[in-house]
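In: sequence unavailable; structure follows:
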Ligand SMILES: [Fe+2]
Ligand SMILES: [Fe+2]
């Protein structure tokens, strides 16, 4: 099956539009949860950028901060498509992950590669939470026959996966080694 852009979507589409109120509600809850999570990241990512020493790490998080603005905008488009108000639902998981990141900054010395390693570890936990959430909701959107919504979720999912890979590269290409040399 081809989508509007002529490419084959990677998710399995249901052929008939299926409306299951409880499942729809569960799906919508997940979108509201992500809306809170992404908005929370707009506040926490600048703290990570400020605390990072590695130029490559700062750049990676700065780029992802810009992408995160796009993630919020995509979720707002999804609310619009679904005819719902863009109302966030507090995401306890993201609140906890962001707190962990802040604790790492507090417990490590400024200007060290060790702090950078901690920031990478915390950031990758955030990316994996997002990958799990977008991946699951993408499949559910497909099941519910929400083609346009599924396409938007897939676009963000790909950016989350790419951000995770870039963080791995930053760790492998120097930060981990530099930290291992610190006494
Ligand atoms: Fe995101
Ligand atoms: Fe992300």
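Out: Okay, I see it. Remember, predicted model here, so these are calculated numbers, not experimental data. Ligands and ions are numbered 1, 2, ... in the order given.
In: what does this structure put close to ligand 1?
Out: Contact residues (C-beta under 5 Å from the ion) of the chain with ligand 1: 68, 71, 130. All C-beta atoms are positioned from the backbone trio N, CA, C, and that covers glycine.
In: and the residues you listed, which is closest to ligand 1?
Out: Nearest to ligand 1, judged by C-beta to the ion, of these is residue 71 at 3.8 Å.
In: give me the most central residue, this structure.
Out: The residue lying closest to the centre of the chain (C-alpha atoms, centre = their mean) is residue 130, at 3.8 Å.
In: that residue is in contact with residue 30, isn't it?
Out: No: with contact taken as C-beta atoms under 8 Å, residue 130 and residue 30 are classed as non-touching, separated by 11.9 Å.
In: find residues that contact each of the two.
Out: Between them, residue 130 and residue 30 share no contacting residue under C-beta atoms under 8 Å, 6 or more residues apart in numbering.
In: just to revisit the earlier point, in helices, which of the residues of the chain next to ligand 1 fall?
Out: Cross-referencing those against helices under DSSP state H gives 68, 71, 130.
In: contacts only, for the last one.
Out: Taking C-beta under 8 Å, 6+ apart, we find residue 130 in contact with 34, 37, 156, 160.
In: which pLDDT value belongs to it?
Out: In this model, residue 130 is scored at 98, pLDDT.
In: quick check: residues of the protein near ligand 2?
Out: Residues of the chain lying near ligand 2 (C-beta under 5 Å from the ion): 130, 160.
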